[in-house]
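Chemist: After the sequence you'll find the predicted model.
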Amino acid sequence: MTQPPAPRQVDIGELLLALGAVLFGLLVVWQTTQIRVAPIYSTVGPRAIPYIVGAGLALTGLWLAFEALTGRSTAGSAESEDVDLSRPTDWRCLGLLALALLAYLLLIERVGFVVASAVLFVMAAYAMGSRRSVRDVVIGVLLAFGLYLLFNRGLGLDLPAGILEGIV
């Protein structure tokens, strides 16, 4: 005698995550419509990437919701995670990362994108255990400067230069 299959349980956490992703994606798309575009842009302008990101996020959320509702989501295994669940949360690391983000928020308009992003990188690396400050500063500055050039010169977006105005 076979037993009937157990009813599928909807994982509320996964469903809420999916809903959050959809809503955030829609918010990104809606806010992208508020970006002023000069007539100089013919096809690809400053709205292209945010539209792609917002739509991708909303579609990913819909996919997650479908999997959560149909029970197709995969259950994690010990081999699929690089997390030791027996260890407590590293609140020091999380606190330092929160401080790094707060510092970035306060610095970006005052000192500019390159300096604020380099500081964010160094602080985040330190929070996660790096003690090689010189290497972290060099990598942070190179990454931030490269991204600044990509966004300002490559995509035509104006990131704040801050104290490097006239230099970059």
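Modeler: Everything's here; your move.
Chemist: So which residue is smack in the middle of this structure?
Modeler: Geometric centre of the chain, nearest residue: Val53, 10.5 Å, by Cα atoms, centre = their mean.
Chemist: so who does that one touch?
Modeler: By Cβ atoms under 8 Å, 6 or more residues apart in numbering, the contact list for Val53 reads 25, 28. Placement of C-beta: from N, CA and C, glycine included.
Chemist: Domains in this structure, by residue range?
Modeler: 12-75, 91-164 (automatic domain parsing).
Chemist: What's the end-to-end length of the last one?
Modeler: With Cα to Cα, to the nearest Å applied, domain 91-164 spans 35 Å between its terminal residues.
Chemist: Can you get me the centre-to-centre distance for that domain and its chain?
Modeler: 14 Å (Cα atoms, centre = their mean, to the nearest Å).
Chemist: still on that earlier bit, out of the domains of the chain, which is the most enclosed?
Modeler: Highest mean neighbour count among those (mean count of other Cβ atoms under 10 Å): domain 91-164, with a mean of 15.
Chemist: element containing the residue lying closest to Gly129 once chain neighbours are set aside, please.
Modeler: Among residues not flanking Gly129 along the chain, Cys93 sits closest, at 7.9 Å (Cβ to Cβ, 6 or more residues apart in numbering). Cys93 is located in helix 91-111, with elements delineated by DSSP states H and E.
Chemist: average pLDDT for that helix?
Modeler: Helix 91-111 shows a mean pLDDT of 95.
Chemist: and if you look at stretch 33-44?
Modeler: Stretch 33-44 comes out with an average pLDDT of 74.
Chemist: what does stretch 149-167 give?
Modeler: 87.
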